[in-house]
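Undergrad: Need the 3D shape of this:
(2 chains)
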Number of protein chains: 2
Amino acid sequence: MTTDNPKELYLDDLHVGQRFSSGTYRVSEDRMKAFAAEFDPQPFHLDAEAAQHSVFNGLAASGWYTAAVSMGLIVRGPLRLANGLIGLGVEAEWPTPTRAGDSLRVESEVIEITPSRSKPDRAVVKVRSTTLNQDNKPVEIAVAKLLVFRKP
Amino acid sequence: MTTDNPKELYLDDLHVGQRFSSGTYRVSEDRMKAFAAEFDPQPFHLDAEAAQHSVFNGLAASGWYTAAVSMGLIVRGPLRLANGLIGLGVEAEWPTPTRAGDSLRVESEVIEITPSRSKPDRAVVKVRSTTLNQDNKPVEIAVAKLLVFRKP
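TA: Numbering: from 1, shown residues only, chains lettered A, B, ... in the order given. So this is what the prediction gives:
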């Protein structure tokens, strides 16, 4: 089920298997390089010529840029938690490089809900978010642990 | 051992237990909010008043901003791999919020080296990087899997 409802969600509104689809974001080469210049200044993220001779075989975004863009898509998408998207931790991998001009979107799925034993008003919810490019290749697979509250 | 040598490192230069200390970075409120506005536009990352009533008890950086700043410190620090810092994946957690004005630094340690069975010129190297604030509290603990090459 894809939830397109923009209402704010509480723990009671979530179930394992629930899915959320984000909008799309087009990666601009300028923005991708500006991010790399600030946070990940390596030649294969900044210089197309140098990147040709790297393991990426061409200019590639920083994995952290892919992660940040993915977060932006999720926050602006339908997985709208009433208390916000509060990440306790994440496991991420980048199977395919993000390239300038890519159109990215994120498909998220609730994969585990673990109620807190000590605090009955909350749970840790694992959400797997796959960021796909226009060829449906995964540029990021991230499993986040989110802190989610019950409706007061 | 802290490596302060800026020379470029190959797989053969790395060993389990090897440590690297980054420089420091002072978090500006403006930059932290600009990142949040672009990639993680949630009230507790953007609005001090709203953040007071959130689980963060005050304005907090996006975890992805902490991750990006940490990457910047690592790339500009002594863990300088000849082929670049190529991350296959990462596990990260954010035990303490990053606040405006924090001075962050990263302590990294090689914790595992797994040579490739099929490609003898490379290995996957696990590096645990702890980002600490000025009170030595960890704002991020990240274990990255890096692709590292032998000297040709």
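
Undergrad: count of neighbours near A:Pro97?
TA: 22 (other CB atoms under 10 Å in any protein chain shown). The way it works is simple: take the backbone N, C-alpha and C, and place the C-beta from them, glycine included.

Undergrad: how much space between it and B:Val69?
TA: 22 Å (CB to CB, to the nearest Å).

Undergrad: One more: A:Thr130?
TA: Distance from A:Thr130 to B:Val69, counting by CB to CB: 26 Å.

Undergrad: Comparing those two, which residue is more hemmed in?
TA: More neighbours sit around B:Val69 than around the other of A:Thr130 and B:Val69, counting by other CB under 10 Å; the figures are 27 against 18.

Undergrad: Tell me which residue of chain A is furthest from the middle?
TA: Seen from the C-alpha centroid of chain A, the residue lying at the greatest distance (CA atoms, centre = their mean) is A:Ser118, 29.3 Å away.

Undergrad: Please name the residues that touch the residue nearest to A:Gly84 when sequence neighbours are not counted.
TA: Counting by CB to CB, 6 or more residues apart in numbering or on different chains, A:Gly84 lies nearest to B:Gln42, which is 4.8 Å off, once chain neighbours are set aside. Residues counted as contacts of B:Gln42 (CB atoms under 8 Å, 6 or more residues apart in numbering or on different chains) are A:Val75, A:Gly84, A:Leu85, B:Ala36, B:Ser62.

Undergrad: Need the pLDDT of B:Gln42.
TA: If you check B:Gln42, the pLDDT there is 97.

Undergrad: what's the answer for A:Thr66, then?
TA: At A:Thr66, the pLDDT value in this model is 98.

Undergrad: likewise the one 3 residues further on?
TA: For A:Val69, the model assigns a pLDDT of 98.

Undergrad: wouldn't it be in contact with A:Leu104 here?
TA: Yes - with contact taken as CB atoms under 8 Å, A:Val69 and A:Leu104 are classed as touching, separated by 6.0 Å.

Undergrad: What does A:Ala36 show for phi and psi?
TA: According to degrees, to the nearest 10, the main-chain angles of A:Ala36 amount to phi -60, psi -40.

Undergrad: Roughly how far does it sit from A:Phe44?
TA: According to CB to CB, A:Ala36 and A:Phe44 sit 9 Å apart.

Undergrad: next one: A:Thr98
TA: Note on A:Thr98: its distance to A:Phe44, by CB to CB, is 12 Å.

Undergrad: sorry, back to before: can you classify the residue farthest from the centre of chain A by secondary structure?
TA: Reduced to three states with DSSP: H, G, I helix; E, B strand; the rest coil, the structure at A:Ser118 is coil.

Undergrad: what do you get for A:Thr96?
TA: coil.

Undergrad: Quick check: residues of chain A near chain B?
TA: Near chain B, the residues belonging to chain A are A:35, A:38-44, A:54-55, A:62-64, A:67-69, A:71-72, A:75-76, A:83-94, A:147 when assessed by CB under 8 Å from any CB of the partner chain.

Undergrad: Next step: the residues you listed restricted to helices.
TA: When helices are assigned by DSSP state H, the members of these inside them are A:35, A:38-39, A:43-44, A:63-64, A:67-69, A:71-72, A:75.

Undergrad: Now the buried members of the residues of chain A next to chain B.
TA: Among those, those classed as buried by neighbour count (16 or more other CB atoms under 10 Å in any protein chain shown) are A:35, A:38-40, A:42, A:44, A:54, A:62-64, A:67-69, A:71-72, A:75, A:83-87, A:89-94, A:147.

Undergrad: what's the pLDDT at A:Asp4?
TA: Note on A:Asp4: pLDDT of 49.

Undergrad: quick one: secondary structure of the closest residue to A:Ala48 other than its chain neighbours?
TA: For A:Ala48, ignoring the flanking residues on the chain, the nearest one in space by CB to CB, 6+ apart is A:Leu59 at 4.5 Å. The assignment at A:Leu59 comes out as coil when based on three-state DSSP.
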